[in-house]
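1. need coordinates for the following:
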Amino acid sequence: MSQEYEIDERQRIVDEIVSCMATGQEHKDVQRIQTEHRLKLVKFWGIQPGDTVLEIGCGQGDTTAVLAWATGSDGLVHGIDVATRDYGSPITVGDSANYLLDSKLGAPIQMDYEVDVLSFDTHFPEDAFDYVVISHASWYMASFEELRQILERVRHWGKRLCFAEWDTRIEHIQQFPHLLAVLIQAKYECFKENSTANIRTLFTVDDIHRVAAEAGWTIEREQSIESVQLQDGQWETDMVLNTYEDELDALFDVPDKLRSLIESEVRMLEHSVQQTDVIGSMATYVFVASRAETFKSGGL
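-> Sure, this is the predicted structure:
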């Protein structure tokens with residue numbers, strides 16, 4: 001198979017998936033890049049036609065759509081999210097879900113919102129799914145303990161765990177603004193009791209290793225995947241530079257020394273933006289894990 005054919009085929013697949021997404025109608029170029037990235041993740045995880053998948057933190061369906069394409073009409077992709085259906089802008093997650101469900105990829109998909117994985121009202125049968133997927137969703141979680149509890153609970157529902165999150169082990173200077181922007185946001189979150197922010201708890205790869213092991217998972221394969229066209233680094237940088245003053249003003253009980261540190265980091269961020277022509281996004285850390293043979297539950 002020629003390289004030109006492979007590129008054309010990949011572009012055809014991306015176009016097919018994007019055509020089924022609400023964001024793809026208004027922001028086609030952006031959605032294409034996001035979809036190409038998620039195709040890399042799903043390929044690494046090895047999800048195949050006919051597989052059943054539970055996706056935790058499905059959001060507007062960026063990964064859900066690619067999972068549905070991979071599993072085909074004979075599979076199942078059940079996406080759940082704690083967010084309300086009116087969350088998100090300019091297109092809400094509910095409107096995005098409706099568009100995807102009505103598309104030609106919609107047959108194997110179910111998407112439910114306001115679902116708390118840790119609630120006693122949330123139940124799935126033992127081994128109901130071939131895979132549980134958590135894709136770029138862990139930083140939305142409130143704490144290390146919440147991630148551990150979620151990973152432990154889904155252990156009963158799925159045979160394998162597929163995970164993806166930004167990799168803080170940056171490899172080139174263009175990624176530094178992205179890293180610094182998320183570190184600044186993570187500091188805000190230490191002083192919030194409730195939040196709807198994109199970044200609420202920052203986990204490093206070593207953190208993820210530890211929490212996954214504590215929750216009873218054994219990592220089989222892992223990799224760091226880079227998608228150089230992703231715009232997330234630019235978005236996070238712009239958000240910090242545009243909102244940090246409001247964020248600091250809204251917080252109470254922030255020590256003056258920490259406030260000064262955050263302001264210094266913002267100045268570092270401004271300088272780093274001036275020093276690079278392109279703001280890159282961090283790579284994505286991915287793994288596939290199986291349930292550990294010996295595991296003592298923490299009580300969930």
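2. every contact and neighbour count from this point should use C-alpha atoms.
-> Fine.
3. tell me which stretches of the stretch 101-250 of the chain form strands.
-> Along the stretch 101-250 of the chain, the stretches classed as strands by DSSP state E, counting those that start in this stretch are 109-113, 129-135, 158-166, 217-225.
4. quick one: closest of these to residue 33.
-> Across these, the minimum distance to residue 33, taken as CA to CA, is reached by strand 217-225, at 14.0 Å.
5. tell me what the closest one is packed against?
-> Under the contact definition 3 or more CA pairs under 8 Å, 6 or more residues apart in numbering; DSSP states H and E, strand 217-225 sits against strand 284-291.
6. quick one, the strand it packs on and strand 158-166 angle?
-> Computed by axes from the mean of the first three to the mean of the last three CA atoms, to 10 degrees, the angle separating strand 284-291 from strand 158-166 equals 160 degrees.
7. give me the contacts around strand 284-291.
-> Outside of strand 284-291, the residues that reach it under the criterion CA atoms under 8 Å, 6 or more residues apart in numbering are 41, 45, 155, 159-167, 205, 216-226.
8. at 6 Å instead, please
-> Residues from elsewhere that reach strand 284-291, judged by CA atoms under 6 Å, 6 or more residues apart in numbering: 160-167, 216-225.
9. next one: stretch 33-48
-> Contacts for stretch 33-48 (CA under 6 Å, 6+ apart): 70, 71.
10. and for stretch 231-240?
-> The set of residues external to stretch 231-240 that reach it, using CA under 6 Å, 6+ apart, is 178, 181, 279, 280, 281.
11. residues contacting the residue minimising distance to the centre of the chain?
-> When the chain is reduced to its mean C-alpha position, the nearest residue by CA atoms, centre = their mean turns out to be residue 136, at 1.1 Å. For residue 136, the set of contacting residues under the criterion of CA under 6 Å, 6+ apart consists of 164, 165.
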